[in-house]
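**Q** no sequence on hand, only this structure:
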């Protein structure tokens, strides 16, 4: 009985870690025939095309926040303010929150951000 509880607890912890970390979303050719490919390639913010210099990361809800229209996202265990110019305002056809990042002086910055449905 004690072993079963320990296994259940370990499984729950593993699920929590998997759900709470950013998922790497990269087009390595697998999505060449995806109906969303042209949409992804068209995404851009005031900082340029989103998919040009970096890959998208799917961000789970605990790793992004919205407060009065201002977004923050956790990248590499650092909370980063999303510049207004990085927010993509068109409908999110993928449905999940995504961020495209780059680094300045070793710190993550947001090139593009598209909020998800928060469901």
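**A** Yep, that arrived. Everything numeric in this text was worked out from a predicted model, so none of it was measured.

**Q** which stretches of this structure aren't confidently modelled?
**A** 1-31, 53-54, 118-119 (pLDDT under 70).

**Q** show me where it has strands.
**A** Here the chain has its strands, by DSSP state E, at 23-25, 44-45, 48-49, 56-58, 64-67, 70-75, 78-81, 98-104, 107-114.

**Q** and the fourth one, what does it pack onto?
**A** It stands for strand 56-58. Here strand 56-58 touches strand 23-25, strand 98-104, going by 3 or more CB pairs under 8 Å, 6 or more residues apart in numbering; DSSP states H and E. Heads up, the C-betas are built off the backbone N, CA and C, glycines and all.

**Q** how about those strands in CSV, adding mean neighbour count?
**A** Putting those into CSV (neighbours: other CB atoms under 10 Å) gives the following:
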stretch, mean neighbour count
strand 23-25, 13
strand 98-104, 19
